[in-house]
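A.B. asks: no sequence on this one, just coordinates:
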Ligand SMILES: Cc1cc2nc3c(=O)[nH]c(=O)nc-3n(C[C@H](O)[C@H](O)[C@H](O)COP(=O)(O)OP(=O)(O)OC[C@H]3O[C@@H](n4cnc5c(N)ncnc54)[C@H](O)[C@@H]3O)c2cc1C
Ligand SMILES: NC(=O)c1ccc[n+]([C@@H]2O[C@H](COP(=O)([O-])OP(=O)(O)OC[C@H]3O[C@@H](n4cnc5c(N)ncnc54)[C@H](O)[C@@H]3O)[C@@H](O)[C@H]2O)c1
């Protein structure tokens with residue numbers, strides 16, 4: 001049995017907790033997977049490193065509309081893949097080496113671990129660890145739906161698909177969420193024939209309904225989107241390809257593909273941690289229950305010295321949320337008498353597909369319910385990129401900004417953007433919501449550069465008919 005001042009399970013956002021204040025204390029970092037966690041190794045970072053070259057591959061199609069003829073000669077899958085993972089693997093190895101070898105006070109356990117009591121853990125090779133403080137930052141993993149043939153070697157998740165040896169000709173993506181949307185774009189821009197089977201339509205249906213509908217329409221022009229379609233079986237063909245049995249609105253069909261990507265959501269890793277053995281509370285979806293200070297709960301009350309952060313406990317499976325919660329925990333570990341709460345009021349997200357999407361705050365449906373419940377009026381504006389000068393330059397036909405605000409006060413309730421650089425255009429709206437700037441003051445109290453694309457945000461704000469306008 002080895003005792004530590006602090007034990008951290010998970011080297012993703014959990015790794016950032018080891019600040020210089022811990023130099024004189026004994027710290028354990030435990031990770032049974034690849035050092036650095038999901039975002040670095042199999043998540044945000046490599047996916048976006050594929051999205052960027054995919055955007056370049058899509059340029060000739062876009063340029064032709066504007067009178068510039070270009071041709072795409074070749075996409076070097078292996079070169080792109082190796083460039084990405086040479087960089088990422090080195091960062092992961094460097095981070096691991098730093099923790100394992102260069103910090104005297106830190107012990108790295110490359111093992112899976114499970115709880116045996118509130119403050120005691122056991123690794124999968126039988127080592128016992130106790131700690132005054134334990135941080136559970138163990139993340140989530142892909143769900144594999146119960147479909148016959150799901151374990152065929154041609155079936156991948158986001159954990160493995162980015163390292164495949166060659167770009168397949170034909171890909172079936174099961175799911176219609178974030179991962180499906182991003183990989184659908186990457187693989188189709190690279191030249192693969194992509195079919196997407198979404199169990200219930202439209203794509204990205206957790207987002208605002210206008211975004212989901214208009215994204216589905218745009219995506220359907222680029223790849224084969226089958227809504228309300230179940231994949232009922234996967235069978236290996238004699239030539240090594242896979243036959244998928246599909247059941248959809250048109251009845252039953254079969255589809256032969258070279259690779260299947262499963263993107264049907266992710267589950268928190270609480271089961272493999274055996275948090276039930278410590279008696280910690282869990283939500284029905286398996287997430288570890290924590291309070292606003294990120295303290296793990298047991299029978300509804302915080303457990304002294306046990307904390308949770310990121311995908312394992314969060315409502316949002318997003319890296320910037322995991323990082324924010326890690327900053328909360330970093331402070332609270334060191335300041336037990338002055339705890340800080342995490343701020344989950346205005347959590348933005350972006351889908352790096354084509355078109356790109358960014359959202360913050362309520363959907364229209366949520367804003368309607370919210371304003372109705374509070375007896376206040378809702379103001380709504382939809383502004384097309386194509387209505388601004390920069391949109392004319394782009395000959396844009398798909399991009400738009402949708403804003404939702406409280407009519408009387410002009411307080412923004414939600415913002416949804418689809419189109420070129422949506423993830424950047426949304427930032428001033430996140431800022432306004434976070435700092436309580438009303439729509440009218442935001443629109444008219446500052447200069448907006450002409451004729452930048454930001455004018456679409458300015459015009460959307462001006463179109464909101466609020467009490468302050
Ligand atoms: C394909 C993909 C793309 C994404 N893109 C984005 C994006 O663009 N933007 C964004 O904000 N988010 C994105 N995300 C989500 C983001 O990656 C996660 O929200 C974030 O990485 C979660 O961080 P974490 O620290 O909670 O967990 P992780 O980074 O997953 O770290 C958990 C660690 O715990 C280890 N572990 C788990 N169980 C045990 C155990 N029992 N014992 C020991 N170790 C254990 C795991 O090996 C892992 O290394 C993406 C996710 C995926 C899959
Ligand atoms: N850009 C980003 O921020 C980004 C990118 C990728 C992933 N992520 C995070 O990772 C999480 C997981 O991504 P995801 O795309 O796997 O999940 P998701 O929750 O976004 O989408 C899952 C999809 O799978 C469908 N589905 C579920 N079970 C199914 C089944 N049996 N058959 C067919 N379809 C089924 C759902 O209806 C849904 O459309 C996301 O929630 C997101 O938070 C974020």
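C.D. replies: Yes, it's here. It should be emphasised that the depicted structure is a prediction, and the values quoted were computed from it without experimental measurement. Ligands and ions are numbered 1, 2, ... in the order given.
A.B. asks: Tell me the residues of the stretch 101-250 of the chain that contact ligand 2?
C.D. replies: Within the stretch 101-250 of the chain, the residues that sit near ligand 2 (C-beta under 6 Å from any ligand atom) are 145, 174-180, 182, 198-200. Yep, even glycine has a C-beta here, placed from its N, CA and C like the rest.
A.B. asks: ok, and the most crowded of those?
C.D. replies: residue 176 (30 neighbours; other C-beta atoms under 10 Å).
A.B. asks: Excluding residues flanking it in the chain, which one is nearest it?
C.D. replies: Residue nearest to residue 176 in three dimensions, not counting chain neighbours: residue 198, with 3.0 Å by C-beta to C-beta, 6 or more residues apart in numbering.
A.B. asks: I'd guessed the one you found sits against residue 225; true?
C.D. replies: Yes. Residue 198 is within contact range of residue 225, at 7.0 Å (criterion: C-beta atoms under 8 Å).
A.B. asks: For ligand 2, what's the nearest residue on this protein?
C.D. replies: residue 177 (1.9 Å; C-beta to the nearest ligand atom).
A.B. asks: In contact with that residue: list those residues for me.
C.D. replies: Listed by C-beta atoms under 8 Å, 6 or more residues apart in numbering, the contact set of residue 177 reads 203-204, 206, 263-265.
A.B. asks: Look up the pLDDT of it for me, please.
C.D. replies: You'll see residue 177 listed with a pLDDT of 98.
A.B. asks: can you check residue 469 too?
C.D. replies: For residue 469, the model assigns a pLDDT of 63.
A.B. asks: And residue 428, by the same measure?
C.D. replies: Residue 428 is given a pLDDT of 98.
A.B. asks: element containing it, please.
C.D. replies: helix 427-435 (DSSP states H and E).
A.B. asks: which outside residues touch the helix or strand that that helix is followed by?
C.D. replies: Scanning forward in sequence from helix 427-435 by DSSP H and E, the next helix or strand is helix 439-444. The contact list for helix 439-444 (C-beta under 8 Å, 6+ apart) reads 379, 403, 405, 410-412, 428, 432, 458, 461-462, 464, 466, 468-469.
A.B. asks: Which ones among those lie within helices?
C.D. replies: Among these, the residues falling in helices (DSSP state H) are 428, 432, 458, 461-462.
A.B. asks: Of those residues, select the buried ones using a ChimeraX command.
C.D. replies: Buried members of those, defined by 16 or more other C-beta atoms under 10 Å, are picked up in ChimeraX with:
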select :428,432,458,461,462
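A.B. asks: For ligand 1, tell me which of the ones in helices among the contacts of helix 439-444 show up nearby.
C.D. replies: Contacts with ligand 1 are made by none of those, judged by C-beta under 6 Å from any ligand atom.
A.B. asks: okay, and the common contacts of residue 198 and residue 225?
C.D. replies: residue 176.
A.B. asks: May I have the secondary structure class of the closest residue to residue 149 other than its chain neighbours?
C.D. replies: Spatial nearest neighbour of residue 149, chain neighbours left out: residue 234 (3.1 Å); criterion: C-beta to C-beta, 6+ apart. In three-state terms, and counting by DSSP: H, G, I helix; E, B strand; the rest coil, residue 234 is strand.
A.B. asks: What's opposite residue 234 in the beta bridge?
C.D. replies: In this entry, residue 234 is beta-bridged to residue 244, by DSSP bridges.
A.B. asks: my read: it touches residue 146, true?
C.D. replies: No. With contact defined as C-beta under 8 Å, residue 234 does not count as touching residue 146 (11.8 Å).
A.B. asks: Look at these two and report which has more neighbours.
C.D. replies: Taking neighbours as other C-beta under 10 Å, residue 234 and residue 146 compare with residue 234 leading, 22 against 6.
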